[in-house]
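Peer 1: From the sequence below, what's the structure:
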Amino acid sequence: ADLNFANGNYRSALALYVETVSIRTDFFEHPIEQGILPDAYVNRMIRCCSEMGRLLQAVVLSQFCVEPNYAQVFKYLEDRDTCDAADSLYSCIWDMSILEFAMSLHTRRGEVARRR
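Peer 2: You can find the predicted model right below:
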């Protein structure tokens, strides 16, 4: 995974990072703990998503960091040029700071349907 990441093969790198986590958690039967998924790997997964234009997926992944980079997360939320199914991923956000920012952002934009 690290070799693919270093060579800019972000899609392959992300697939291998997810595969590694799935194996280490017995296919997500056990909780994802810091030892299983260190911040360095989470940050690489976030970078893979952002490079591929999957910004809301990067937001969801950022919640696995011990200290999320809120400035980066809010920037991703503000960007309207995303290639993922953004509306379907809001249910995967549990961090209250991110949820409050997203709600405020959609209110300012007049996007009533997304606020719900």
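Peer 1: and the gap between Gly8 and Asn43?
Peer 2: Using Cβ to Cβ, to the nearest Å, one obtains 16 Å as the distance from Gly8 to Asn43. For glycine as for every other residue, the C-beta is placed from the backbone atoms N, C-alpha and C.
Peer 1: again with Gln63
Peer 2: As defined by Cβ to Cβ, Gln63 lies at a distance of 13 Å from Asn43.
Peer 1: related to what we said a few turns ago, so between Gly8 and Asn43, which is more surrounded?
Peer 2: When neighbours are counted by other Cβ atoms under 10 Å, Gly8 and Asn43 differ, and Asn43 comes out ahead with 16 against 10.
Peer 1: who touches the closest residue to that one other than its chain neighbours in this structure?
Peer 2: With Cβ to Cβ, 6 or more residues apart in numbering as the criterion, Asn43 has its nearest non-adjacent residue at 7.2 Å, and that residue is Cys65. For Cys65, the contacting residues are 39, 42-43, taking Cβ atoms under 8 Å, 6 or more residues apart in numbering as the criterion.
Peer 1: would you list the residues you listed in a markdown table and tack on pLDDT, distance to Ala15 and secondary structure?
Peer 2: Formatted as a markdown table, the contacts of Cys65 follow (pLDDT from 0 to 100; distance: Cβ to Cβ, whole Å; DSSP: H, G, I helix; E, B strand; the rest coil):
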| residue | pLDDT | distance to Ala15 | secondary structure |
| --- | --- | --- | --- |
| Asp39 | 88 | 20 | helix |
| Val42 | 91 | 16 | helix |
| Asn43 | 94 | 17 | helix |
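Peer 1: For Asp2, state which of those residues is nearest.
Peer 2: When the contacts of Cys65 are compared for distance to Asp2 (Cβ to Cβ), Asn43 comes out closest, at 12.4 Å.
Peer 1: so how far is Leu14 from Asp81?
Peer 2: According to Cβ to Cβ, Asp81 and Leu14 sit 19 Å apart.
Peer 1: Neighbour count for these two, which is higher?
Peer 2: Neighbours were counted for Asp81 and for Leu14 using other Cβ under 10 Å; Leu14 has more, 24 against 6.
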